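Sequence plus predicted model, see below.
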Amino acid sequence: MPRVRKAVLPVAGLGTRFLPATKAIPKEMLTIVDRPLIQYAVEECLAAGIEEFVFVTGRSKHVIEDHFDHAYELEATLEARGNKKAELEAARDAIIPYGNAVFTRQQQPLGLGHAVWCARHWVGDEPFAVLLPDELTLSTPSCTAELVAEHERSGGSVISVVDVPREQTKSYGIVAPGKDDGRIAEVVGLVEKPDPAKAPSTLAAIGRYVLLPEVFSHLDKHEKGAGGEIQLTDSMARMIGHAPFHALRYRGTRYDCGNRMGFLEANIAVALAREDTAKEARAMLARLAKNT
């Protein structure tokens, strides 16, 4: 069975919930403390043994490509100063090795399923991961590493899920579970953004997937679903019954950075967790709490 070597990262979204910041800066380049969201996703993949990346971009997203390349003038300046070794290392840590990244355009915003379909030629006939950078997951092993391990065990598709309040099911792809041991559930159905009263469960997909390449044969049909978009959930649902399909409950820490308060919470939490920022972050929060 081929191992998971490739990841698809859909980064063509407009980031309208973060306007005006995202008029000129891709939302994926917004930083959690000092690293952009997209770098967290790439590092999560690397921790799972993934080596190759397909970025599905849109207009004005060239900054993402630049971020993962050498910045020769910056590196030369830092090296010449002699006392900027940590900064130089940080700049170089973001570089993806030569030939291991592909950037392809999604010319129209037709949905997540369409974005993944745009990566079909680069993925080929092998299992692959999909990560939505808006979702920041922090754990050891990484969320994607857990999915890869479960794929290797079952040989099928695996998606990461969390339990959400029933009223929130209208914002997620929701799993209809079969056999369920409390950690891993068999997927017998998938519904995109169901009405809470009709949702088959409260198990919500959180933007981390390992999928078999057969999903592309369903995405090829370009059938529109919820919101008039080509939904990845719909094509995944059509795969059920043809190969093993499981939902793995994610037990790590997750932040929804697709909205402003989730993004703010992630910044605070990461600052409090890092040795180099924790002390100052705690003092700052105490000062702000006192002043307000």
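All right, it came through fine.

When you work out contacts or count neighbours from here on, use the C-alpha atoms and nothing else.
Will do.

Just checking: what are the partner strands of the helix or strand harbouring His246?
According to DSSP states H and E, His246 maps onto strand 245-249. Strand 245-249 pairs in its sheet with strand 157-163 (parallel), strand 184-192 (antiparallel), by DSSP bridges.

Mind putting these into JSON lines with distance to Ile50?
Below are those laid out as JSON lines (distance: least, Cα to Cα, whole Å):
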{"stretch": "strand 157-163", "distance to Ile50": "16"}
{"stretch": "strand 184-192", "distance to Ile50": "23"}
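
Mind jotting down where the strands sit in this structure?
6-10, 31-32, 35-36, 52-57, 101-105, 128-131, 135-138, 157-163, 173-180, 184-192, 203-211, 245-249, 253-256 (DSSP state E).

What's the mean pLDDT across the fifth one?
Pointing back at strand 101-105 there. For strand 101-105, mean pLDDT is 94.

Likewise for stretch 241-253?
pLDDT averaged over stretch 241-253 gives 93.

what's the closest non-adjacent residue to Gly49?
Closest residue in space to Gly49, ignoring its immediate chain neighbours: Arg5 at 7.0 Å, by Cα to Cα, 6 or more residues apart in numbering.

One more: Ile268?
In space, Ile268 is closest to Ala281, 7.5 Å off (Cα to Cα, 6+ apart).

before we move on, back to that, only alpha carbons, please: show the strand holding His246 as CSV.
Output in CSV follows, covering the C-alpha atoms of strand 245-249 (Å, rounded to 0.1, in the frame of the first residue of the first chain):
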residue,chain,number,x,y,z
PHE,A,245,-13.8,5.0,5.7
HIS,A,246,-13.4,6.1,9.3
ALA,A,247,-13.7,9.2,11.4
LEU,A,248,-11.0,9.7,14.1
ARG,A,249,-11.9,11.9,17.0
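
what angle sits between it and strand 173-180?
100 degrees (axes from the mean of the first three to the mean of the last three Cα atoms, to 10 degrees).

and the closest residue to Asp125 other than its chain neighbours, how many neighbours?
What sits nearest to Asp125 in space, not counting adjacent residues and going by Cα to Cα, 6+ apart, is Pro213, at 5.6 Å. Using other Cα atoms under 10 Å, Pro213 is surrounded by 16 other residues.

contacting residues for Pro213?
Pro213 makes contact with 123-128 under the criterion Cα atoms under 8 Å, 6 or more residues apart in numbering.

so can I have CSV of the residues you listed showing pLDDT, neighbour count and distance to Phe53?
Converted to CSV, those look like this (pLDDT from 0 to 100; neighbours: other Cα atoms under 10 Å; distance: Cα to Cα, whole Å):
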residue, pLDDT, neighbour count, distance to Phe53
Val123, 94, 22, 9
Gly124, 92, 12, 13
Asp125, 93, 13, 15
Glu126, 95, 15, 14
Pro127, 96, 24, 13
Phe128, 97, 24, 10
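
Reformat those as TSV; add distance to Asp163.
Converted to TSV, those look like this (distance: Cα to Cα, whole Å):
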residue	distance to Asp163
Val123	30
Gly124	33
Asp125	32
Glu126	30
Pro127	26
Phe128	24
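
I'd like to know which of these are part of helices.
Within these, residues falling in helices by DSSP state H are Val123.

and Glu229, which of the strands of the chain is closest to it?
strand 184-192 (10.9 Å; Cα to Cα).

how close does the residue lying closest to Leu211 once chain neighbours are set aside get to Glu192?
Leaving aside its sequence neighbours, Leu211 sits nearest to Ser157 (Cα to Cα, 6+ apart; 4.5 Å). According to Cα to Cα, to the nearest Å, Ser157 stands 17 Å off from Glu192.

now do Gly173
Taken as Cα to Cα, the span from Gly173 to Glu192 is 4 Å.

joint contacts of the two?
Common neighbours of Gly173 and Glu192 (Cα under 8 Å, 6+ apart) are Thr233.

show me where pLDDT drops low in this structure?
Counting by pLDDT under 70, the ranges of the chain that qualify are 1.

quick one, helices of it?
With DSSP H as the criterion, the chain has helices spanning 37-47, 62-67, 72-81, 85-93, 112-117, 120-123, 143-154, 215-219, 232-239, 260-273, 278-291.

Out of the ones you listed, which is the most enclosed?
Between these, helix 112-117 has the highest mean count of neighbours, a mean of 24, where neighbours are mean count of other Cα atoms under 10 Å.

follow-up on the earlier one: which one of the contacts of Pro213 is nearest Gly178?
Once Cα to Cα is applied, the member of these that ends up nearest Gly178 is Pro127, at 23.1 Å.
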